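>>> predicted model and sequence below, questions to follow.
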Amino acid sequence: MRVSIGRVAIAVAVLAAVGAIAWSVLPRPIQVETATVAKRRFVATVDEDGKTRIRERYTVAAPLTGRLTRVHLKPGDRVNVDETIATIVPSPASLLDPRSRREAEERLGAAEAALDRGKAAVEAAQARSSQADTDLARTRTLFEHSSSTAQTLERAEVAARVADRDLHAAEFQRHAAEHELDQARALLARYDAGGVAPPESWNVSAPVSGLVLKVPQESETIVQPGAPIIEIGDPHDLEIVVDVLSTDAIEIRPGAEVVIENWGGPMPLSGRVRRIEPSAFTKISTLGVEEQRVNVLLDILSPPEQWSGLGDGYQLDTKISVFTQEDAQSSRRAHCFGVATLGMCLSQRAGALGFAQLTSCDDRGVWLQLQRAWRLVIAPSFIQVIRSHRAFILRQDRYQPGNVRTSHFRTLAVLYF
């Protein structure tokens, strides 16, 4: 049978197609990263973001009710102790509606009439006092010439004293009427065209020397006692506040080392835990979950020249040390998972996958302590490790990250233990 060139070409094409289909369904190797295990300093940390705040902050408040004049200080201005930073003057009188103003005008008229009545009472009392003095002098002369009795003289003396007291009472009444008239006029003083005396003022002074941090009320306004006017502090006296989970706060101890990163400077800063507050508070996470958190206060140990650009309320990242071990067999990154109470890691030996047994597996994924120095496999995010009785099944998402469909997987390997 003679074989033609056409038949050979068709056979070759069919074999090539079958080979391409077979090659396409064969599992392909996956590119993974590996991490070398070596002796390093093992440090377990609590990583949280925090913010700076001034250690001693002074809020100057209004001591009394009044009209606060405009505050001319700006954030960043320096003030000295006992320097006047604001002025409070009396509040203006309230407006009168037509009815209230009419009543005030009528009270003014009544006060003027009461003053006239008081003046007339004083004149009448003066006349009675003068007549009583004249009668007393006449009675005393008659008594000296034995023309009057002692009883008549005593009555004249009492009448003179009573008339004198009535005169003083009338003068006091006139004086009170004058004050009532002034009160009625003061109520209507805002409607008068004439000028008034300058109001009394109260100067608010700075309790300490420092820089102005915030001016809550810059414009002129009416303030009540206790209303904040200005905040003063020293921006170089900073501390760091970090709110951590209450479960992590239990592991933190005062004096622990802290590494401060991502604060805006070229190099990390060093710090130390000063205090862990004893009371926790509830905070809603970005996922809407309630968390119990505790404030941890940190001191910055680096020279002030290195962080001179930091200010109040600046954000940064912190790493608080909770456990340290020197010369530990460890790797920076790996894919670990639990086998009962003993952790295990994927390892690469002779080009094949295997297990590395762990003496401890850090929950934060920072360091891993190993019994042997192997190369650990950093599994990609699209690889899943599933435990099935005495084996671990590694499977890969066919569509890998970025694809909406994530329900189809293919098995990569089955590792038995």
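Great, that's in hand. These numbers were taken from a predicted model, which means no experiment stands behind them. Numbering: from 1, shown residues only.
>>> all strands of the stretch 151-300 of the chain, in order?
202-205, 210-214, 221-223, 228-233, 238-245, 257-261, 269-276, 281-284, 290-300 (DSSP state E, counting those that start in this stretch).
>>> how about those in CSV, adding distance to residue 72 and mean neighbour count?
The C-beta positions use only the backbone N, C-alpha and C, and glycine is treated the same way. Formatted as CSV, those follow (distance: least, Cβ to Cβ, whole Å; neighbours: other Cβ atoms under 10 Å):
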stretch, distance to residue 72, mean neighbour count
strand 202-205, 13, 14
strand 210-214, 11, 19
strand 221-223, 15, 15
strand 228-233, 11, 21
strand 238-245, 27, 20
strand 257-261, 37, 19
strand 269-276, 36, 17
strand 281-284, 38, 10
strand 290-300, 33, 17
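>>> residue 324 is nearest to which of those strands?
Among the strands of the stretch 151-300 of the chain, strand 257-261 comes nearest to residue 324, with 8.0 Å by Cβ to Cβ.
>>> what residues does that closest one touch?
45, 240, 268-273, 298, 300, 302, 316-321 (Cβ atoms under 8 Å, 6 or more residues apart in numbering).
>>> repeat that for 10 Å
43, 45-47, 49-50, 52, 240, 242, 252, 267-274, 296, 298-302, 307, 310, 316-322, 324 (Cβ atoms under 10 Å, 6 or more residues apart in numbering).
>>> strand partners (parallel or antiparallel) of that strand?
strand 269-276 (antiparallel), strand 315-331 (antiparallel) (DSSP bridges).
>>> for those strands, which one sits closest to residue 97?
strand 315-331 (53.7 Å).
>>> for that closest one, C-alpha coordinates in PDB please.
This file holds the C-alpha atoms of strand 315-331, laid out as PDB (Å, rounded to 0.1, in the frame of the first residue of the first chain):
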ATOM      1  CA  GLN A 315      -0.800  59.000  62.700                       C
ATOM      2  CA  LEU A 316       1.900  56.200  62.700                       C
ATOM      3  CA  ASP A 317       2.400  52.500  62.900                       C
ATOM      4  CA  THR A 318       3.800  50.700  66.000                       C
ATOM      5  CA  LYS A 319       5.200  47.200  66.700                       C
ATOM      6  CA  ILE A 320       5.100  46.400  70.400                       C
ATOM      7  CA  SER A 321       7.400  43.500  71.400                       C
ATOM      8  CA  VAL A 322       5.700  40.900  73.500                       C
ATOM      9  CA  PHE A 323       8.200  38.000  73.300                       C
ATOM     10  CA  THR A 324      11.900  37.800  72.200                       C
ATOM     11  CA  GLN A 325      14.200  34.900  71.800                       C
ATOM     12  CA  GLU A 326      17.800  35.000  70.500                       C
ATOM     13  CA  ASP A 327      19.300  32.400  68.000                       C
ATOM     14  CA  ALA A 328      15.900  30.900  67.000                       C
ATOM     15  CA  GLN A 329      15.500  28.700  63.900                       C
ATOM     16  CA  SER A 330      13.000  30.900  62.100                       C
ATOM     17  CA  SER A 331      11.700  32.100  58.800                       C
END
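>>> how does the chain divide into domains?
Split into domains by automatic domain parsing, the chain comes to 33-37+328-416, 47-54+235-326, 57-88+208-230, 98-191.
>>> pull the contacting residues for residue 110.
180-181, 184.
>>> ignore what I typed, I meant residue 327.
39-42.
>>> now, which of the residues you listed sits nearest residue 79?
Using Cβ to Cβ, those come closest to residue 79 at residue 41, 47.5 Å.
>>> for that closest one, what are phi and psi?
phi -80, psi 120 (degrees, to the nearest 10).
>>> roughly how far apart are the residue nearest to it when sequence neighbours are not counted and residue 230?
Spatial nearest neighbour of residue 41, chain neighbours left out: residue 326 (5.6 Å); criterion: Cβ to Cβ, 6 or more residues apart in numbering. Separation of residue 326 from residue 230 (Cβ to Cβ, to the nearest Å) stands at 51 Å.
>>> same thing with residue 59?
8 Å.
>>> residues of stretch 68-80 that come out buried?
For stretch 68-80, the buried set under the neighbour-count rule, 16 or more other Cβ atoms under 10 Å, comprises 68, 71, 73, 79.
>>> what of stretch 135-150?
Neighbour count says stretch 135-150 has 135-136, 139, 143, 148 buried, by 16+ other Cβ under 10 Å.
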